[in-house]
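Student: Attaching a predicted model along with its sequence, questions to come.
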Amino acid sequence: MNDKGINNLSIQTRVEELNDFALLLKKFGNVAFRAIQKNNYYSGYAVGMERITRLIKEDKFNIEAFRLNPVIGVRKFIHGYFADRGGNMPDVFIEGNTVFLETKFYKNCLTIEAEKLAEQCHEDVCAIYCRTFAKGIVSVLEDFFPEIVINFYNVSSRRDGKNSDCREAFQVLSPKRVENPS
């Protein structure tokens, strides 16, 4: 697996990345956020490509089943990524045509721990760092299935230094929208 972004569970690697981001922010100001966002999006995209390729090689990705119900397909793809990666496992669930990725009261968020050790890193980097990485992972699916659009947005976030909550939404739009059977 790709060793960049939230895919890497090493605190030292995370601190180094955040220090690099802090350096860019110091040298370029807030305009650096765009570059950081692109970097993490493309790191996530690379992980998504590796994931879909591996699943196809292992005959674990059914293209027709995905086309029949892309909402469930997106949920399985995201859930499978986090299950394979290990570490903190978010809840991944469906409501209507939206897949939610949710963490609640996480005490061991590696990015928050890394920020404590990093040089003057903005907490806003977490939003860019983690969210754009996740968006990159699922964007692979939009490219291979052009009949779907995945609207990605943050629903809520809370960070108080002790715990972190986050809810991200992946709204799947498709001409063949199938309701979640649950």
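Tutor: Nice, I can see it.
Student: Go ahead and confirm Asn88 touches Thr103.
Tutor: Yes: taking C-beta atoms under 8 Å as the definition, Asn88 is a contact partner of Thr103 at 6.7 Å. In this view, the C-beta of every residue, glycine as well, is placed from N, C-alpha and C.
Student: Neighbour count: these two, which is higher?
Tutor: Each of Asn88 and Thr103 has its neighbours counted (other C-beta atoms under 10 Å); Thr103 has more, 19 against 15.
Student: Run the chain-centre distance for the helix or strand where that one lies.
Tutor: When elements are assigned from DSSP states H and E, Thr103 belongs to strand 98-106. Mean-position distance between strand 98-106 and its chain equals 11 Å (C-alpha atoms, centre = their mean, to the nearest Å).
Student: remind me, longest helix of the chain?
Tutor: The longest helix of the chain (DSSP state H) is helix 32-57.
Student: for it, packing partners?
Tutor: helix 11-28, helix 70-85, helix 132-144 (3 or more C-beta pairs under 8 Å, 6 or more residues apart in numbering; DSSP states H and E).
Student: buried sites along it?
Tutor: The neighbour-count check on helix 32-57 (16 or more other C-beta atoms under 10 Å) flags 32-33, 36-37, 39-52, 55 as buried.
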